[in-house]
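Asker: Sequence first, predicted model second:
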2 protein chains.
Amino acid sequence: MASLEQISRRGLLRLVALALVATTSGALSGCASAPAAAGAGSDPLPSWNDTAAKQSIVAFVARVTREGSADFVPVAERIAVFDNDGTLWAEQPMYFQALFILDQVKARAPQHPEWQDQEPFASVLKGDVRAALAGGETALATLLFGTQAGLTTEQFERAVRDWIATARHPTTGKPYTAMTYQPMLELLAYLRANGFKTFIVSGGGLEFMRPWTEQVYGIPPEQVVGSTGKLKFELRDGTPVLVKLPEIGFINDKEGKPVGIETHIGRRPLMAFGNSDGDLQMLQWTMAGSGPRFALYAHHTDSAREWAYDRESHVGRLDQGLTEANAKGWTVVSMKDDWKKIFAD
Amino acid sequence: MASLEQISRRGLLRLVALALVATTSGALSGCASAPAAAGAGSDPLPSWNDTAAKQSIVAFVARVTREGSADFVPVAERIAVFDNDGTLWAEQPMYFQALFILDQVKARAPQHPEWQDQEPFASVLKGDVRAALAGGETALATLLFGTQAGLTTEQFERAVRDWIATARHPTTGKPYTAMTYQPMLELLAYLRANGFKTFIVSGGGLEFMRPWTEQVYGIPPEQVVGSTGKLKFELRDGTPVLVKLPEIGFINDKEGKPVGIETHIGRRPLMAFGNSDGDLQMLQWTMAGSGPRFALYAHHTDSAREWAYDRESHVGRLDQGLTEANAKGWTVVSMKDDWKKIFAD
């Protein structure tokens, strides 16, 4: 499989590899259920404490939406971009998409008896993820493409829908969509109520997100930007289908995020929200625009209600980004201090 | 330049090559100014004659927007996709983007004294397009990348804006945006008034279209899907820029159109509009969806007011598509018979 070797050489899958082998510097110490949001009457952000982070958001939105003000921005240019993993939902102990891939190996094993003796599938089926990934990026690409290549986009969409409806997180036992962040759901709705168009700009797979982002985040498929595999148009018995190929198309991470934004959206965002170094270039690109711009990092500081990790974490590392945010005065949310409630549940 | 050779080998630029060397089977015999649209009161499509084509559009829109009807389609799923060249604006005697590239050689020649003696630039500067393109696809890629590679996306956007504001069509003498089709502008507005989201899905360059589609068509940048070159994120003196690389990213034509739709929009269109075989797969993909779907070909039949061409044309060939449209009962617009007025002017 030349394409697997190519990918291995290019190191494009390092991102997902890191997810699968990750051990994090923080620990989940209980996920105690968060206090309910205070009934704050007309407050559109009731799960946010009234701290500097919330105030900076509200002040910025007021500034760009006040008609007649020098900083007024027309509705068409109110673009807000959100990273997904670690920004809109959790990402520990590894990216949820990696858990999906492992589950897919198990789900598809009955149609692949050869996997029982074939690595890295055999180790996954025995529950030994560490052994499965001893082969590094090639092993990972084999899992990714082994479970997806050859599926039509409709078959893959069904697999994602089934998984998101039934799978449970390994440590919290919650459905994954219950591990979205309530304060961010409120923020999405608040921005849309103020004329913003909200986009996801994620390193995760485009087709892994779209089946559920509209229902969960209110973000329609055409406003999701992500990493892609190549697709092939075919006529099967006269019916057109799109088939997933075992080749990476585009990795929408780090330097790729501004490229993804330019290619997909074609406007520079007014506001950008992330949580890791993988979002740094997106925030830089946003802040380099003319006129008022807003950048925010969500900092995972709550080991009791969620996880605490930053500069040393393999998943969602926030190191350079934290340094730059502090130096430039971008908003940094401390999830422990700034959020009344963490998970949407 | 390895990348040029790669492209040459892959034949990806055949599309644009055809545009540049094209001689068409139809001839522009005058472009007499079209009769003004009849003031039709509340008719949202006044530049359409009241023929079967118009009736099929209005009937379909009524069918999918009538609440409570079995064929009702929610607003979120009302996606309409439009080819650009030959569907929303003219494409003769060659794709307008090809004329832009030739003009760019002239505009950038002062900064490139070496072009005076270097093919294919030298021949373009002498006005001999045929000689310039004797080198085939490699010559063409050299022109394309020679005028664009190394520019930032902002520099390129300015070049397109300047050109679209000042350039004139070689035979009509009109600004290119005056050669958009009035009936299609009305159709775009009519569909949007009925809750549709309108997208361009074109083989043309994404960044060539976006600077003017919002003003001319009412289609914002994030709803334009097109062919792309690769981009590179760089920090220049600390300021992030996106630089155009001399490499093709994605060709959004023929089999590429359903892939572009899936990647960019992530929903199957409800209605699709094209004019050439390059749109056939987009129309097939649209019509293969469940429930009511609508496909339309604009057939260039008006040699007096526009051009007449189809099965034999190098630009915008409509051969297989016309056969399939007739066999399957898709709507085929005869521009001569179905349109009262052609150009928006």
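Answerer: Structure's in. What do you need?
Asker: Check whether residue A:286 sits in a helix, strand or coil.
Answerer: Under the three-state scheme (DSSP: H, G, I helix; E, B strand; the rest coil), residue A:286 adopts helix.
Asker: residues contacting the closest residue to it other than its chain neighbours?
Answerer: Residue nearest to residue A:286 in three dimensions, not counting chain neighbours: residue A:272, with 3.9 Å by CB to CB, 6 or more residues apart in numbering or on different chains. (Each C-beta comes from the backbone N, C-alpha and C, glycine too.) Residue A:272 makes contacts with A:80-82, A:279, A:282-283, A:285-287, A:293-296, as judged by CB atoms under 8 Å, 6 or more residues apart in numbering or on different chains.
Asker: Inside helices: which ones of those residues?
Answerer: Counted as lying in helices by DSSP state H, out of these, are A:282, A:283, A:285, A:286, A:287.
Asker: Just the buried subset of those residues, please.
Answerer: Buried members of the ones in helices among the contacts of residue A:272, scored by 16 or more other CB atoms under 10 Å in any protein chain shown, are A:282, A:283, A:285, A:286, A:287.
Asker: phi, psi of residue A:164?
Answerer: In terms of degrees, to the nearest 10, the main-chain angles of residue A:164 are phi -60, psi -30.
Asker: that older thread, could you give the bridge partners of the residue nearest to residue A:286?
Answerer: Using DSSP bridges, the bridge partners assigned to residue A:272 are residue A:81, residue A:295.
Asker: Helix or strand: which one has residue A:140?
Answerer: Assessed by DSSP states H and E, residue A:140 sits inside helix A:136-148.
Asker: helices or strands up against that helix?
Answerer: Judged by 3 or more CB pairs under 8 Å, 6 or more residues apart in numbering or on different chains; DSSP states H and E, helix A:136-148 is in contact with helix A:2-10, helix A:14-21, helix A:96-108, helix A:121-125, strand A:239-250.
Asker: In that helix, which residues are buried?
Answerer: A:137, A:138, A:139, A:140, A:141, A:142, A:143, A:144, A:145, A:146, A:147, A:148.
Asker: Out of those, which one has the lowest pLDDT?
Answerer: Among these, residue A:137 has the lowest pLDDT, at 79.
Asker: give me every residue that touches the closest residue to chain B within the stretch 101-250 of chain A.
Answerer: For the stretch 101-250 of chain A, the residue closest to chain B is residue A:221, as judged by CB to the nearest CB, at 3.0 Å. With contacts taken as CB under 8 Å, 6+ apart, residue A:221 has the following neighbours: A:210, A:213, A:214, B:265, B:266, B:267.
Asker: what about 7 Å?
Answerer: A:210, A:214, B:265, B:266, B:267 (CB atoms under 7 Å, 6 or more residues apart in numbering or on different chains).
Asker: Show me what whichever helix or strand the first one is part of is packed up against.
Answerer: When secondary structure is defined using DSSP H and E, the element that contains residue A:210 is helix A:206-217. Taking 3 or more CB pairs under 7 Å, 6 or more residues apart in numbering or on different chains; DSSP states H and E as contact, the helices and strands that helix A:206-217 lies on are helix A:153-166, strand A:197-205, strand A:224-236.
Asker: Check which residues of it are buried.
Answerer: A:206, A:207, A:208, A:209, A:210, A:211, A:212, A:213, A:214, A:216, A:217.
Asker: give me the number of residues near the residue lying closest to residue A:64 once chain neighbours are set aside?
Answerer: Excluding its sequence neighbours, the residue lying closest to residue A:64 (CB to CB, 6+ apart) is residue A:73, at 4.3 Å. Using other CB atoms under 10 Å in any protein chain shown, residue A:73 has 19 other residues around it.
Asker: what about residue A:73, which SS state?
Answerer: Assignment for residue A:73 (three-state DSSP): coil.
Asker: Quick check, it in contact with residue A:66.
Answerer: No - using CB atoms under 7 Å as the test, residue A:73 is too far from residue A:66 to be in contact (9.9 Å).
Asker: Can you check which residues contact both of the two?
Answerer: By CB under 7 Å, 6+ apart, no residue touches both residue A:73 and residue A:66.
Asker: Reformat the buried residues of helix A:136-148 as JSON lines; add distance to residue B:89.
Answerer: Below are those laid out as JSON lines (distance: CB to CB, whole Å):
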{"residue": "A:137", "distance to residue B:89": "46"}
{"residue": "A:138", "distance to residue B:89": "48"}
{"residue": "A:139", "distance to residue B:89": "51"}
{"residue": "A:140", "distance to residue B:89": "46"}
{"residue": "A:141", "distance to residue B:89": "43"}
{"residue": "A:142", "distance to residue B:89": "47"}
{"residue": "A:143", "distance to residue B:89": "47"}
{"residue": "A:144", "distance to residue B:89": "42"}
{"residue": "A:145", "distance to residue B:89": "41"}
{"residue": "A:146", "distance to residue B:89": "46"}
{"residue": "A:147", "distance to residue B:89": "44"}
{"residue": "A:148", "distance to residue B:89": "39"}
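Asker: which of those residues lies closest to residue A:127?
Answerer: Of all those, residue A:127 sits closest to residue A:143, with 14.3 Å by CB to CB.
Asker: need the contact list for the closest one.
Answerer: A:101, A:105, A:120, A:124.
Asker: Please list the residues of the stretch 151-300 of chain A that sit near chain B.
Answerer: When proximity is defined as CB under 7 Å from any CB of the partner chain, the stretch 151-300 of chain A approaches chain B at A:153, A:206, A:210, A:220-222, A:224, A:228, A:231, A:233, A:239-240, A:242, A:255, A:258-259, A:262-267, A:281, A:284-285, A:288.
Asker: again, 6 Å this time
Answerer: By CB under 6 Å from any CB of the partner chain, the residues of the stretch 151-300 of chain A that approach chain B are A:153, A:210, A:221-222, A:228, A:231, A:233, A:239-240, A:242, A:255, A:258-259, A:262-263, A:265-267, A:281, A:284-285, A:288.
Asker: Poorly predicted segments of chain A, please.
Answerer: A:1-41 (pLDDT under 70).
Asker: so can I have TSV of the ones in helices among the contacts of residue A:272 showing distance to residue B:111?
Answerer: Converted to TSV, these look like this (distance: CB to CB, whole Å):
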residue	distance to residue B:111
A:282	32
A:283	34
A:285	27
A:286	31
A:287	31
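Asker: how many neighbours does residue A:171 have?
Answerer: 13.
Asker: separation between it and residue A:306?
Answerer: Using CB to CB, to the nearest Å, residue A:171 is found at 11 Å from residue A:306.
Asker: ditto for residue A:323
Answerer: 22 Å.
Asker: of those two, who's got more company?
Answerer: Neighbour count, other CB under 10 Å: between residue A:323 and residue A:306, residue A:306 has more, with 25 against 13.
Asker: and the more buried one, what are its phi and psi?
Answerer: According to degrees, to the nearest 10, residue A:306 has phi -140, psi -120.
Asker: out of everything not next to it in sequence, what's closest to it?
Answerer: With CB to CB, 6+ apart, the residue lying closest to residue A:306 is residue A:342, at 5.0 Å.
Asker: ok, that neighbour touching residue A:307?
Answerer: No - shown here, residue A:342 and residue A:307 do not form a contact pair, counting by CB atoms under 6 Å, at 10.0 Å.
Asker: that older thread, which pair of the contacts of residue A:221 spans the longest distance?
Answerer: A:214 and B:265 (12.8 Å).
Asker: nearest to chain B, of the ones in helices among the contacts of residue A:272?
Answerer: Among those, and counting by CB to the nearest CB, the member closest to chain B is residue A:285, at 5.0 Å.
Asker: Could you check how far the nearest residue in space to that closest one that is not next to it in sequence is from residue A:237?
Answerer: Spatial nearest neighbour of residue A:285, excluding adjacent residues (CB to CB, 6+ apart): residue A:258 at 3.9 Å. Distance, residue A:258 to residue A:237, by CB to CB: 42 Å.
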